[in-house]
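# Here's my sequence, what's the structure:
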Amino acid sequence: MADTTRFPRDVAIVGGAGHIGLPLALALADRGLRTVIYDINTQALEQILRGRMPFREEGAEEVLGRVLRSGTLAMEDRPDLVRECRFIVLVVGTPVDEHLNPTFSAMHRAIDGCAGVLRDGQILILRSTVFPGIGRHLQAYLRERGLAVDVAVCPERVAEGHSLREFCELPQIISAFDPEVLAQVRWLFGHLASEFIELSPMEAELAKLMTNNWRYIQFAIVNQFYMIADRQGLDFSRILHACRHNYPRMVGMPGPGLAAGPCLVKDTMQLAAFSQNHFVLGHAAMLVNEGLPYYLVEKAKLQANLAESTVGILGMAFKAESDDPRDSLSYKLRKLLALEARTVLCSDPYVQDPTLVPLERVLREADVIFVGVPHRVYRALACDPGRLWIDVWSCVGSEAR
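Predicted structure coming up:
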C-alpha cells in the first residue's frame with residue numbers, strides 16, 4: 001500500500017527523538033519501513049547517530065544499531081525529508097496551561113513548522129494524548145491552509161521503557177475521517193500490531209484520555225486508603241496484602257506511591273476541561289495524589305526534628321527503573337523539604353541531574369530518608385534503626401521480606 005512513486009519514504013516522526021517518537025521510529029525502521037526522524041533536538045540526534053539511546057528503553061540500543069546498519073532510518077533537524085514521506089506521525093500533545101486548561105499552541109507551531117513541506121495526499125497521524133476534538137480541528141486547520149492532508153488519530157498506549165515489546169503485544173487504536181485513510185493507517189501499524197480497534201477520531205481521543213484518567217484515579221483511591229490507615233498507626237502494606245491476596249476482584253489494585261509523570265495530571269485536567277469542570281472524580285484524584293508529598297512531610301515532622309536534620313530522597317524519576325524525571329513528584333517533595341530541613345540530599349541511579357549525589361552519601365549522612373521512587377536497587381537496603389525511613393512504597397527491605 002506504500003506509494004513509492006509519489007513518496008519515496010514511508011513515514012516521518014515529528015519530534016522523533018523523544019520517549020514516544022524514537023521507539024516507534026526504531027520499530028518501524030526495523031521492519032523495513034523507510035523512516036525519518038525530524039527533531040530540533042540536535043544533541044539527541046547526534047547521540048542517536050552514534051548508536052546510543054538518549055534515554056532508557058528496553059532492547060532499544062540493539063535495534064538502533066541494526067537500523068543504522070540497514071539504512072532504513074534517517075535523521076534531520078530540519079523538515080526537508082518530511083515532504084518525501086507518505087505518513088507523518090506527530091508526537092506533540094496538548095499540554096495544560098497555568099489555568100489547568102489545554103493549550104494548542106505547541107500543536108499549531110509543529111504544523112506551521114512543517115507547512116512548507118507538507119504535500120497533498122499525505123496522512124498526518126496524531127500519536128500523543130490530545131484534547132478531544134483536536135483531530136477535527138487540525139483537519140480543518142490544514143484545509144484552511146489549502147493542504148489536502150488527511151488527519152488520523154492513533155494514540156500510543158505503551159508503558160515508557162517497554163515500548164518496543166508492547167507495540168506488538170497491545171491492540172492498536174486507529175481512527176480517521178475517511179475509510180481509505182483508515183485502511184492506510186491500518187497498513188502502517190500492521191507492521192507492528194496484530195489486533196486493531198477502529199473508532200471515530202473523538203472516540204479515540206477520549207479512549208486515550210480515559211485510560212490515563214482511570215489509572216490516575218486508581219492511584220488516588222489507594223493513596224487515600226494509605227493515608228486513612230497510616231493516620232491510625234496501621235501497617236497499610238499488610239492491609240493491602242489482605243485485600244489482594246488470592247482475591248480476583250482486587251487483582252488490579254495498585255500499591256500506594258507518588259503518582260506522577262508527564263501524562264497523568266495533565267490528562268486528568270484535560271478531561272476535566274472537556275467536561276466543563278464537571279469531572280469531580282478527576283479533581284478529587286488530583287487533590288489526593290498531589291497532596292501525598294505534603295502528607296509524607298507532615299508525617300516525618302511528627303517523628304523527627306527536620307529543622308536540625310539532613311534529609312535524603314531516594315529516586316527522582318517519575319517511576320521505577322526510569323531515567324525520566326518529567327513531572328516527578330520527588331522534585332515536589334524536595335521543594336517541600338527544602339523549607340523544612342537543614343539539608344536535602346537527593347539520589348537516583350538513572351536520572352541525569354547535576355544536583356544529585358551518590359546513594360552512598362545519602363545513606364551515610366541522612367538522618368531521615370524518603371523513598372521517592374521504588375527502584376529495584378533500593379529493595380536490598382535495610383531500614384536501619386538509627387534513622388527515620390518514610391517509605392510509602394514499602395520498597396526498602398522488600399527483598400529480605
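# For the stretch 1-150 of the chain, just list every one of the strands.
Ranges of strands in the stretch 1-150 of the chain, per DSSP state E, counting those that start in this stretch, are 9-14, 35-38, 73-76, 85-90, 123-126, 150-153.
# Could you give the number of residues near L124?
Summarising burial for L124: neighbours were counted as other C-beta atoms under 10 Å, giving 25. Just so you know, the C-beta spots here come from the backbone N, C-alpha and C atoms, and that holds for glycine as well.
# can I assume it is in contact with R143?
No. Using C-beta atoms under 8 Å, L124 is not in contact with R143, being 11.9 Å away.
# Okay, and V362 sits in which element?
Take DSSP states H and E as the rule and V362 turns out to sit in helix 359-365.
# That helix packs against which elements?
The criterion is 3 or more C-beta pairs under 8 Å, 6 or more residues apart in numbering; DSSP states H and E, and the helices and strands that helix 359-365 contacts are strand 310-314, strand 343-347.
# For I20, report the pLDDT, please.
We have a pLDDT of 93 for I20.
# Quick check: it touching T129?
No. If you go by C-beta under 8 Å, I20 and T129 don't touch, sitting 9.6 Å apart.
# And the lowest-mean-pLDDT helix or strand in the chain, what does it pack against?
Among the helices and strands of the chain, helix 105-114 carries the lowest confidence by mean pLDDT, DSSP states H and E, at a mean of 83. Helices and strands touching helix 105-114, as assessed by 3+ C-beta pairs under 8 Å, 6+ apart, comprise strand 85-90, helix 134-144.
# try 7 Å
helix 134-144 (3 or more C-beta pairs under 7 Å, 6 or more residues apart in numbering; DSSP states H and E).
# next one: the helix holding V362 to chain centre, how far?
Taking C-alpha atoms, centre = their mean, to the nearest Å, one finds the center of helix 359-365 at 30 Å from the center of the full chain.
# what stretches of the stretch 301-401 of the chain score poorly on pLDDT?
Across the stretch 301-401 of the chain, the stretches falling below the confidence threshold (pLDDT under 70) are 400-401.
# repeat for the chain
Within the chain, the stretches falling below the threshold (pLDDT under 70) are 1-5, 400-401.
# Give the buried residues for stretch 44-59.
By neighbour count with 16 or more other C-beta atoms under 10 Å, stretch 44-59 contains the buried residues 44-45, 48, 53-57.
# Would you point out the most distant pair within those?
The widest separation within those, taken as C-beta to C-beta, falls between L45 and R56 and amounts to 18.1 Å.
# follow-up on the earlier one: elements contacting whichever helix or strand comes after the helix holding V362?
As assigned by DSSP H and E, the chain's next helix or strand after helix 359-365 is strand 368-371. The elements that strand 368-371 packs onto, with contact taken as 3+ C-beta pairs under 7 Å, 6+ apart, are strand 310-314, strand 388-390.
# that older thread, so which bits of the least confident helix or strand of the chain are buried?
Taking 16+ other C-beta under 10 Å as the basis for neighbour counts, the residues of helix 105-114 that come out buried are 107, 110-111, 113-114.
# Now do the helices in the chain.
For the chain, applying DSSP state H gives helices covering 21-30, 42-49, 60-70, 105-114, 134-144, 163-169, 179-189, 201-231, 236-244, 264-274, 280-303, 329-338, 359-365.
# circling back: can you show me the CA trace of the helix holding V362 as PDB?
C-alpha atoms of helix 359-365 as PDB (Å, rounded to 0.1, in the frame of the first residue of the first chain):
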ATOM      1  CA  LEU A 359      23.400   6.800  47.100                       C
ATOM      2  CA  GLU A 360      26.300   6.100  49.400                       C
ATOM      3  CA  ARG A 361      26.400   9.700  50.600                       C
ATOM      4  CA  VAL A 362      22.700   9.800  51.300                       C
ATOM      5  CA  LEU A 363      22.900   6.600  53.300                       C
ATOM      6  CA  ARG A 364      26.000   7.900  55.200                       C
ATOM      7  CA  GLU A 365      24.700  11.400  56.000                       C
END
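# Show me what counts as buried in it.
With burial defined by 16+ other C-beta under 10 Å, the residues of helix 359-365 counted as buried are 359, 362-363.
# can you list contacts of it?
Contacts to helix 359-365, defined as C-beta atoms under 7 Å, 6 or more residues apart in numbering, come from residues 310, 312, 314, 345, 347, 369.
# can we see that at 8 Å?
Defining contact as C-beta atoms under 8 Å, 6 or more residues apart in numbering, one finds that helix 359-365 is touched by 310, 312-314, 343, 345-347, 349, 369, 377, 381.
# Just say which of the helices and strands packed on helix 359-365 is most tucked in.
Using mean count of other C-beta atoms under 10 Å, the stretch among the helices and strands packed on helix 359-365 with the largest mean neighbour count is strand 310-314, at a mean of 25.
# Show me what it is packed up against.
Counting contacts by 3+ C-beta pairs under 8 Å, 6+ apart, strand 310-314 packs against helix 329-338, strand 343-347, helix 359-365, strand 368-371.
# mind giving me the domain split of the chain?
For the chain, the structural domains run 9-199, 230-390, going by automatic domain parsing.
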